[in-house]
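Colleague: Requesting a structural model of the entry that follows:
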Amino acid sequence: MIRKTRVAFSQVDSENLKASLLIVIICLLAYGLLIPWLGFYWDDWVFAWTIHFLGPWEFIASFLPFRPLLGPIFALTTSLIGDTPLAWQLFGLCIRILSGFAAFWSFRQIWPEARLQSLLAALFFVLFPAYNQQWVALTHANQELIPLICFLLSLGFMAKAVCEPAYKFRWNLIALILAFWGLFPTEYFFGLEVLRPFILWFILQQNHTEHSSIFKRVWFAWLPYLLLWLTNTVFLYLYHRSPYYSSYGMPLISLSGSDIKTFILHTLEEIIHAIITPGFYAWGNTLALFTESLSKITTWLALGLVAVSFFTAHRIISRLRLSERNNASTSNFSKQVIMLGMIGMLAGRVPSWLAGLPLEIAFSADRFMLSMMLGSSLFLIGLIDELVQQNNRKILVACVFIALAVGWQFKAANTFRRDWDNQRQFLWQLSWRVPALEPGTLLITHELPLAYETDLSLTAPLNWVYAPQLDSHDLPYMLAYTKARLGSGILPELKTGIPISASFRTMDFESTTDSVLVVYQEYPGCLRVMDPGYSDADTVPGVTYMLSDAIPLSNLDLILTAAPQPQLPRSLFGSEPDHAWCYYFEKAELARQTGSWQEVVRLAETALQNGLQALQPSEYLVFIEGYANSGQVLEAVQLSQKVLNEKPELLPALCKLWQRVQRSYPTNRQIGDYRQSLCITDS
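Modeller: The predicted model follows:
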């Protein structure tokens, strides 16, 4: 008998090991393949800058106005990992794998006989395709995924406490500690606590038939967790109304008069949306992989991963034989998890709904889907378990969802890879064009062609590059988008002499609109520093007034042209890229600023001899002016015609350029004749 028991336990351990290995493989395929080419995004930059310049313990004060108990988590992990993107991407991958382990283990404690379903639900959980911010690793691993792991484990240990009465106190104590760290650091998972009494009911229902007895046991088992939840509710309420709090509000909805009907309709619509979006649309949306252009190599890579993931998952799961010992105790599994899934999706939506935040599968709102991930994974496995009775077909259907989700996440990872490359290109181009900056400079633009960063998050690398020895809480530089900041304290008006004041976590920035440098970049295209002497609305046709009206503020005296090029940290930005078109363009604009027209021509000749071409026709303007001011009028005319052929909308800008040249050389008849013919066409 003892021998048989040991064999059974050995088999279970082997199955758990193989199931865990599958979770690792699937996470590597979905999230790990592009890690060497990924970096920092969104708030990652702010946090990495804080680690490097202020130290990990700065997070205690940094999170005080937002989520005070996140500070210790950040302080601990950042002390261990440091400030390099690769380390954080690897950490984020490990945390994601651990979340899969936590889900699998906890599901096994709650439904010990539903071994196959527990594994499939855990795989759905780690691949949830409505959440696509895995690669904002420094931020979300600490801010949400670690608390989520704690919450999941608290459910598992609570189940052990019920099923193992001899160790009830021990397991409940561990579960309560984990529940604390799942709820108090972030409000994301506040609503999920409502799942706990239902889980207790399902566990106790396996051994009791009288509902009154089950209800009493559920109540006493849940009571300590309920008290913790109520404490968390009071904490959130008081903290959100304290003078320390400075983040999302909780807009109150009026229930009086005619608004009651609107509120009820809005709530019903939100309930439907909160079930359909994560429960159906998120998974069905992965089919869009098959609508991608087959001319892209990334499409073939994603589809190849779908195939590899399907065959890998199907082969391993089929060989595990997890369904062999399922018995009557799992007969209600599908109904239980469908109900739990629906409740979990609705409860997971509560915090973001109260804050008035959108429910969308798009950056950056998809981060709110994290709290609905548990509910969605349970809901999906419940539907499959209910609708597909044969286990081999059940595995087949589940593996289709798993494979599609892997491909979807890889596709998302590739967008982050491109964005990281664009970020580094932006900062390298800025360093080529701007060797150094006067402290107090505010860089403004309408918006940069970067997908996963805000202006304030980019303020961190801006200071990292131009203030590498900073040791105070006073920021020397800031970047602001007119799209988001015009009319705020950062940029009150597009007028000179206006004071600027902004807080940046625990740092402050003070300046005036006399210390503004306007930049512009379209995609594809090089970064342009807007010089009022050479740039106006005609040089950027079609842009918003929030950029064109800012150009007169651009003060190029803030650029210290004689300074050496800044040294960008290799751990962040890699080696200096090959000198392609944008390098010569940036250096040409710098040479124009210092009046070095011969250097502009030299750069033009080098670029053109190397077979390089402008990414945007407007990038030829500096070279046209360089040729014309160096006496090479024919080359300037030919390049002007090329610009007109490619973008006729630049005719007014070309006319003004040749007018400037003629003022410098009023007796040059060739210049005068071409200017006259050009400007007559313009008029």
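Colleague: now the helices for the stretch 1-150 of the chain?
Modeller: For the stretch 1-150 of the chain, applying DSSP state H, counting those that start in this stretch gives helices covering 2-27, 44-53, 58-62, 70-81, 85-110, 115-127, 137-140, 146-163.
Colleague: give me every residue that touches Y583.
Modeller: Counting by C-beta atoms under 8 Å, 6 or more residues apart in numbering, Y583 touches 429, 432, 577. No exception for glycine: its C-beta is placed from N, CA and C like everyone else's.
Colleague: Compute the distance from the centre of whichever strand or helix holds it to the centre of its chain.
Modeller: Y583 belongs to helix 581-593 when elements are defined using DSSP states H and E. Remark: helix 581-593 is offset 32 Å from the chain centroid, using C-alpha atoms, centre = their mean, to the nearest Å.
Colleague: can you put the contacts of Y583 in CSV and add distance to I680, pLDDT and secondary structure?
Modeller: Formatted as CSV, the contacts of Y583 follow (distance: C-beta to C-beta, whole Å; pLDDT from 0 to 100; DSSP: H, G, I helix; E, B strand; the rest coil):
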residue, distance to I680, pLDDT, secondary structure
Q429, 36, 98, helix
W432, 38, 98, helix
P577, 43, 95, coil
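Colleague: what's the least confident stretch among the helices of the stretch 1-150 of the chain?
Modeller: With a mean of 73, helix 2-27 has the lowest mean pLDDT of the helices of the stretch 1-150 of the chain.
Colleague: Correct me if wrong: P85 contacts R570.
Modeller: No. Assessed by C-beta atoms under 8 Å, P85 is found out of contact with R570, at 11.6 Å.
Colleague: what does the model give F504 for pLDDT?
Modeller: So, for F504, pLDDT stands at 81.
Colleague: burial of it, as a residue count?
Modeller: By other C-beta atoms under 10 Å, 17 other residues sit near F504.
Colleague: Between P85 and R570, which is the more surrounded one?
Modeller: P85 (24 against 9).
Colleague: D455 versus the closest residue to the more buried one other than its chain neighbours, what's the distance?
Modeller: For P85, ignoring the flanking residues on the chain, the nearest one in space by C-beta to C-beta, 6 or more residues apart in numbering is G39 at 4.1 Å. Separation of G39 from D455 (C-beta to C-beta, to the nearest Å): 18 Å.
Colleague: ok, now V543?
Modeller: From V543 to D455 the distance is 17 Å (C-beta to C-beta).
Colleague: Then S334?
Modeller: 48 Å.
Colleague: likewise L301?
Modeller: Distance of L301 to D455, given as C-beta to C-beta: 33 Å.
Colleague: cool, and I361?
Modeller: In terms of C-beta to C-beta, I361 sits 24 Å off from D455.
Colleague: between the two, who's got more neighbours?
Modeller: Between I361 and D455, counting by other C-beta under 10 Å, D455 is the more crowded of the two (23 against 16).
Colleague: now the helix or strand hosting L223, how far from the chain's geometric center?
Modeller: Assessed by DSSP H and E, L223 sits inside helix 211-240. Distance of helix 211-240 from the chain centroid (C-alpha atoms, centre = their mean) equals 34 Å.
Colleague: what's the helix or strand just after that helix packed up against?
Modeller: Going down the chain from helix 211-240, the next helix or strand is helix 259-276, by DSSP H and E. On a contact count with 3 or more C-beta pairs under 8 Å, 6 or more residues apart in numbering; DSSP states H and E, helix 259-276 meets helix 333-354.
Colleague: and the following helix or strand past the helix it packs on, average pLDDT?
Modeller: On the C-terminal side of helix 333-354, the nearest following helix or strand under DSSP H and E is helix 373-387. Averaging pLDDT along helix 373-387 gives 96.
Colleague: Buried residues in helix 373-387, which are they?
Modeller: Within helix 373-387, the residues that qualify as buried are 373-385, counting by 16 or more other C-beta atoms under 10 Å.
Colleague: Can you name every helix or strand that that helix contacts?
Modeller: Using 3+ C-beta pairs under 8 Å, 6+ apart, the elements in contact with helix 373-387 are helix 115-127, helix 146-163, helix 282-284, helix 333-354, helix 391-433.
Colleague: In CSV: these, plus mean neighbour count and distance to L621.
Modeller: Formatted as CSV, these follow (neighbours: other C-beta atoms under 10 Å; distance: least, C-beta to C-beta, whole Å):
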stretch, mean neighbour count, distance to L621
helix 115-127, 27, 49
helix 146-163, 23, 51
helix 282-284, 19, 47
helix 333-354, 21, 47
helix 391-433, 21, 15
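Colleague: out of these, nearest to D44?
Modeller: Across the helices and strands packed on helix 373-387, D44 has its closest neighbour in helix 391-433 (10.6 Å, C-beta to C-beta).
Colleague: what angle do the closest one and helix 373-387 make?
Modeller: 150 degrees (axes from the mean of the first three to the mean of the last three C-alpha atoms, to 10 degrees).
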